[in-house]
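>>> pasting the sequence and the predicted coordinates here, then a few questions.
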Amino acid sequence: MLDVAIVTMGRQGMERFAASRLPEVTGVGYVVSWQPAGAEPVVPPALLERPDVEVVITDTTGASINRNNALDHCSAPLILMADDDIEFSAEGLRGLIGAFEAHEDIDFAVFAYSGADHPRYPTAEVPLPPVPSGFPVATFTIAVRRSVTDRGVRFDERFGPGARLPLGEDEMLFHTLLRRGFKGRFFPMVIVRHAGLTSGYRPVDAPSARALGAIIGMVYPLTSLLRIPLKAWRMGRSGQMPALPALAALTRGWLTQLIMTRPWHN
């Protein structure tokens, strides 16, 4: 019924994941794409003993490449994106399945998560599109029907940790779903917990700001030149990055997306 597409990298990543408490839920499997990154690719016995866990080893680099490898090995009708530091609950996974069963017309869904970020979500279910103002998106809150990935939807490998533009793969996936015309829905239901801060709440360096500038240019081509200075001001106000350096990096990212050779997903 549901595959959880999890990515991890290196020995520490695999050890962290192997030590996590994965709930055993009927109809739920865990597909783990592991980039050993030079470590000996030996799967921990604790995972080998789990019939609901499949580990796929890939000699690649880059988070989006890793995520796409996980998607390629999912076979269940529903897929939830995830990382190796997510805390799952049986109740949350069952709730996710129930949401899709209750709304057979949707192609994807976005859920809520708990953690240090305290994201501000709508208090009621809303259709997607339209996207509410300030709507937060994290990779591990996005679930899709496998029919979506069967139609070629993947993470943009130019974005995310290990890529030239080192964040934003979650936003690019979300907006790809919207751009392709898939029907979604937000459910104010907490399905997972993330203990640390996500990238949207951490201080931003220049490469990450360039990624944000590229995303703004690609997602909002008609209004991006107005959004760039506004984003820089907000980054300065929140303490993520001083406003002037943010403006410079965002603008450079905006220029970068103009000369990207491969077009955004159609």
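Thanks, I have the structure now. Residues are numbered from 1 along each chain as shown.
>>> from here on, contacts and neighbour counts on C-alpha atoms
OK.
>>> ok but residue 3 is inside a helix, no?
No: assigned with DSSP: H, G, I helix; E, B strand; the rest coil, residue 3 falls outside any helix and is strand.
>>> wait, it touches residue 73, no?
No: applying CA atoms under 8 Å as the test, residue 3 and residue 73 come out as separate, 9.4 Å apart.
>>> which neighbours do those two have in common?
residue 31 (CA atoms under 8 Å, 6 or more residues apart in numbering).
>>> more neighbours, those two?
residue 3 (26 against 16; other CA atoms under 10 Å).
>>> got a list of what the more buried one touches?
With CA under 8 Å, 6+ apart, residue 3 has these contacts: 28, 29, 30, 31, 74, 75, 76, 77, 78, 79, 80.
>>> so which of the residues you listed is the most crowded?
residue 79 leads those on contacts (other CA under 10 Å) with 28 neighbours.
>>> quick one: that one is in a strand?
Yes: counting by three-state DSSP, one finds residue 79 located in a strand.
>>> now for it: which residues touch it?
2, 3, 4, 5, 71, 143, 144, 145, 146.
>>> of these, grab the buried ones for ChimeraX.
Buried residues among those (16 or more other CA atoms under 10 Å), as a ChimeraX selection:
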select :2,3,4,5,71,143,144,145,146
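>>> let me have the contacts of residue 79 in CSV, extended by distance to residue 109 and pLDDT.
Output for those, formatted as CSV (distance: CA to CA, whole Å; pLDDT from 0 to 100):
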residue, distance to residue 109, pLDDT
2, 13, 98
3, 14, 98
4, 14, 98
5, 15, 98
71, 16, 97
143, 5, 98
144, 6, 98
145, 9, 98
146, 12, 96
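>>> ok, so of the contacts of residue 79, who is nearest residue 120?
residue 143 (19.1 Å; CA to CA).
>>> hey, what's that closest one bridged with?
residue 80, residue 109 (DSSP bridges).
>>> make sure it is actually in contact with residue 112.
No: counting by CA under 8 Å, residue 143 stays clear of residue 112, with 11.4 Å between them.
>>> helices of this protein, start to end?
Using DSSP state H, the helices of the chain run over 10-18, 45-48, 63-72, 90-102, 146-150, 169-179, 206-219, 224-238, 243-258.
>>> could you say what helices and strands the first one packs with?
Going back to what we said before, that points to helix 10-18. strand 28-35 (3 or more CA pairs under 8 Å, 6 or more residues apart in numbering; DSSP states H and E).
>>> at 10 Å instead, please
strand 2-9, strand 28-35, helix 45-48 (3 or more CA pairs under 10 Å, 6 or more residues apart in numbering; DSSP states H and E).
>>> would you reformat the ones you listed as CSV and include distance to residue 135?
Shown next, in CSV, are the helices and strands packed on helix 10-18 (distance: least, CA to CA, whole Å):
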stretch, distance to residue 135
strand 2-9, 23
strand 28-35, 28
helix 45-48, 35
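>>> of these, which approaches residue 177 most closely?
Of all these, strand 2-9 comes closest under CA to CA, at 17.3 Å.
>>> sheet partners, orientation included, of that closest one?
In the sheet, strand 2-9 lines up with strand 28-35 (parallel), strand 78-83 (parallel) (DSSP bridges).
>>> so for residue 12, which of the ones you listed sits nearest?
strand 28-35 (11.2 Å).
>>> pull the closest one out as PDB, backbone CA atoms only.
Provided in PDB are the C-alpha atoms of strand 28-35 (Å, rounded to 0.1, in the frame of the first residue of the first chain):
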ATOM      1  CA  VAL A  28       4.000  -0.300   4.700                       C
ATOM      2  CA  GLY A  29       7.500  -0.900   3.400                       C
ATOM      3  CA  TYR A  30      10.700   1.100   3.700                       C
ATOM      4  CA  VAL A  31      12.900   1.500   0.600                       C
ATOM      5  CA  VAL A  32      16.300   2.900   1.600                       C
ATOM      6  CA  SER A  33      18.700   4.200  -1.000                       C
ATOM      7  CA  TRP A  34      22.200   4.300   0.400                       C
ATOM      8  CA  GLN A  35      25.200   6.200  -1.000                       C
END
